[in-house]
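Asker: What follows is a protein structure lacking sequence information:
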């Protein structure tokens, strides 16, 4: 309500976290800087805001090369009827950020998202005096230590969040592993027009789908045969528990190929014969 | 150090959480009440305590029927050289617990493990005045509100943790879904003698293994063929990111069968041909 009136053409894009979060960086990579960002506290809000028309697109993290999949978002992809229309990946660089004037020797507590805390374990091993304090967001933890003016605390977040909130970087790049990337999906409502995505795929297309198999021996193997026997490569498979059926699973597949290709269409038709339920979640440039 | 001297035969069993945690319940189901429990703050400690000889066995949660796998523990199974020797499952019943005298109307904040908070979403939707406060453990949150004597807070945990710490149950069974079970593994050091497990499997055996495939089209399909073509059923497949190789994965398989069976031995031999790395993590009664 307090926001300026924007021109009709300004795209609103929801994401989880505060301004300066890695999802914010993914939005800029995908759509450029001229969008209006809509920060949300929870991932579910990011999906719900898109459904209710509170934004025209949403960006969610789907997997990190160290931590693995963001399983909650796989669940939301199933329950909301949105489409994945693009992907991008962002290299995660973690920095230790404090209120200006606070020195490393003053720091007792370090706030950040639990995943970020877990990605700086060597730093914590070398600094056992630091207490790890889980917080709901990386950039949000910088915002909080600045707002509270904490003199014995620091936050772990992106360099851009230090700039946004006026924090000082005490240590740069404290992540354990430089092979630390997060992949993000850009979501639109089913049926919405395509968006002009800045970062175009150069490696062809990907299609993501979800299915359940009949609960019988060899059913996953048979389901995968629909793709393997047509030389369609899988980029990823992820299993999630099936609600109400203990110890049964849903499978999410990401394949290299487009719905425009005849072999992909036929593979999906074949999978339909072999599965109890299936749904395409999106087809987008890789 | 403050503990009583125990007879030489008392088995020490490590778990994550405080006395009264669901892992504690799993220990009693697996080994009976006459064991000495060793509470740990983090899962990694539970594995490390077993390695260093600080206990003779460890119990870890591996998956929940609503939340999915405990991925961190899959990673630890790979990095520590322990063996899975038994499994059990525990039905998760969540209760809202407060300091005696505190009424529901006084409660503003509710502490518990994030997974437990996420499993009581209908309860929180019906009580929007409650702030959810993530805590490192379910039973530990009861211990904390009791120790601090909090008058405006409650915890979500097992009924037994209310008994242990003297809390009062304000609402019973507030979990969203009664099909809420957690499966636990009992771990021993590789080469340790078998334990007399109370809860014996009645459905044959399971074998758990981990492998990586060559990064080429159809490689997961071929790996699964080693089992499918021998009519060996898979109970579960789980993928995890491969460190240092962005967008490549490790696979954990759980199959129905024992290492004593010829077809299982042959399937594992066959998988060896098809995989870059493989290791059996355990063979245990289902």
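Answerer: Here it is on my side, so go on. All values reported here derive from a predicted model rather than from experimental measurement. Numbers count the residues shown, from 1 in each chain, chains lettered A, B, ... in the order given.

Asker: Around chain B, which positions in the stretch 151-286 of chain A sit nearby?
Answerer: Within the stretch 151-286 of chain A, the positions lying close to chain B (CB under 8 Å from any CB of the partner chain) are A:177, A:179, A:181, A:183, A:217-218, A:220-222, A:224-225, A:227-228, A:231-241, A:243-247, A:249. From N, CA and C alone the C-beta is placed, and that goes for glycine too.

Asker: Which among the residues you listed count as buried?
Answerer: A:179, A:181, A:183, A:218, A:220-222, A:224-225, A:227-228, A:232-241, A:243, A:246, A:249 (16 or more other CB atoms under 10 Å in any protein chain shown).

Asker: what number of residues lie near residue A:137?
Answerer: 25 (other CB atoms under 10 Å in any protein chain shown).

Asker: how about the spatially closest residue to it that is not a sequence neighbour, what does it touch?
Answerer: Excluding the flanking residues, the one nearest residue A:137 by CB to CB, 6 or more residues apart in numbering or on different chains is residue A:17, at 4.3 Å. Residues near residue A:17 by CB atoms under 8 Å, 6 or more residues apart in numbering or on different chains: A:23-24, A:39-40, A:137-140.

Asker: among those residues, which two are most distant?
Answerer: Within the contacts of residue A:17, two members stand farthest from each other by CB to CB: A:40 and A:138, at 14.7 Å.

Asker: Can you pick out the residue with more neighbours from these two?
Answerer: Legend: neighbour count by other CB under 10 Å for residue A:40 and residue A:138, higher for residue A:138 (28 against 21).

Asker: I'd guessed the more buried one sits against residue A:162; true?
Answerer: No - Residue A:138 is beyond contact range of residue A:162, at 11.0 Å (criterion: CB atoms under 8 Å).

Asker: Could you tell me which of the buried ones among the residues of the stretch 151-286 of chain A next to chain B are located in helices?
Answerer: A:220-222, A:224-225, A:227-228 (DSSP state H).

Asker: Among those, which one lies nearest to residue B:192?
Answerer: Lowest distance from residue B:192 to these (CB to CB) belongs to residue A:220, with 33.3 Å.

Asker: Quick one, grab the pLDDT at that closest one.
Answerer: With respect to pLDDT, residue A:220 has a value of 93.

Asker: measure it to residue A:242 for me?
Answerer: 13 Å (CB to CB, to the nearest Å).

Asker: Likewise for residue A:191?
Answerer: With CB to CB as the criterion, residue A:191 and residue A:242 are 28 Å apart.

Asker: what sits against the residue in the stretch 1-150 of chain A positioned nearest to chain B?
Answerer: Of the residues in the stretch 1-150 of chain A, the one nearest chain B is residue A:65, at a distance of 4.3 Å by CB to the nearest CB. Counting by CB under 8 Å, 6+ apart, residue A:65 touches A:179-182, B:241, B:246-247.

Asker: Show me those residues that map onto strands.
Answerer: A:181-182, B:241 (DSSP state E).

Asker: Closest one to residue A:274 out of those, please.
Answerer: Distances from residue A:274 to the ones in strands among the contacts of residue A:65, taken by CB to CB, are shortest for residue B:241, at 27.5 Å.

Asker: Show me what the lengthiest helix in chain A is in contact with.
Answerer: Secondary structure of chain A per DSSP H: the longest helix is helix A:262-274. Residues from elsewhere that reach helix A:262-274 (CB under 8 Å, 6+ apart): A:207, A:209, A:211, A:213-214, A:219, A:222-223, A:226-227, A:230-232, A:255, A:257-259, A:278, A:280.

Asker: Go again with 7 Å.
Answerer: Helix A:262-274 has contacts (CB atoms under 7 Å, 6 or more residues apart in numbering or on different chains) with A:207, A:211, A:213, A:222-223, A:226-227, A:230, A:232, A:257-259, A:278, A:280.

Asker: and what of stretch A:116-127?
Answerer: Contacts for stretch A:116-127 (CB under 7 Å, 6+ apart): A:66-67, A:94, A:130, A:132, A:134, A:138, A:156, A:174-176, A:180.

Asker: returning to what we had before: how about the residue nearest to residue A:137, phi and psi?
Answerer: Main-chain dihedrals, residue A:17, degrees, to the nearest 10: phi 120, psi -170.

Asker: And the pLDDT at it?
Answerer: 90.

Asker: and what of residue A:193?
Answerer: Residue A:193 is given a pLDDT of 86.

Asker: what about it, neighbour count?
Answerer: What residue A:193 shows, counting by other CB under 10 Å, is a neighbour count of 7.

Asker: With residue A:204 instead?
Answerer: The number of residues packed near residue A:204 is 11, by other CB under 10 Å.

Asker: Which one of residue A:191 and residue A:242 is surrounded by more residues?
Answerer: Remark: of residue A:191 and residue A:242, residue A:242 carries more neighbours, 18 against 7, as counted by other CB under 10 Å.

Asker: these two touch, right, the more buried one and residue A:249?
Answerer: Yes - counting by CB atoms under 7 Å, residue A:242 does reach residue A:249; the two are 5.8 Å apart.

Asker: Make a ChimeraX selection of the buried ones in the contacts of helix A:262-274.
Answerer: In ChimeraX, a selection of the buried entries from the contacts of helix A:262-274 looks like this (16+ other CB under 10 Å):
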select /A:207,211,213,222,223,226,227,230,232,257,258,278
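
Asker: Now go through the contacts of helix A:262-274 and say which are in strands.
Answerer: Those of these lying in strands (DSSP E): A:207, A:211, A:213, A:278, A:280.

Asker: measure the residue nearest to the third one when sequence neighbours are not counted to residue B:108 for me?
Answerer: Just to be clear, that refers to residue A:213. Excluding the flanking residues, the one nearest residue A:213 by CB to CB, 6+ apart is residue A:219, at 3.8 Å. Per CB to CB, residue A:219 is found 48 Å from residue B:108.

Asker: Between these two, which has more neighbouring residues?
Answerer: With neighbours defined as other CB under 10 Å, residue A:219 and residue B:108 compare such that residue A:219 has more, 18 against 14.

Asker: ok but residue A:162 is inside a helix, no?
Answerer: Yes - counting by DSSP: H, G, I helix; E, B strand; the rest coil, residue A:162 is part of a helix.

Asker: Apart from its chain neighbours, what residue comes closest to it?
Answerer: In space, residue A:162 is closest to residue A:97, 4.7 Å off (CB to CB, 6+ apart).

Asker: I'd guessed residue A:146 sits against residue A:163; true?
Answerer: No - taking contacts as CB under 7 Å, residue A:146 lies outside contact range of residue A:163: 11.7 Å.

Asker: who's more crowded, the two?
Answerer: Per other CB under 10 Å, whichever of residue A:146 and residue A:163 has more neighbours is residue A:146, with 20 against 13.

Asker: so that one sits in a helix?
Answerer: Yes - assessed with three-state DSSP, residue A:146 lies in a helix.

Asker: residue contacts, the closest residue in space to it that isn't next to it in sequence?
Answerer: With sequence-adjacent residues excluded and distances taken as CB to CB, 6+ apart, residue A:146 is closest to residue A:165, at 4.7 Å. Residue A:165 is in contact with A:142-143, A:146, counting by CB under 7 Å, 6+ apart.
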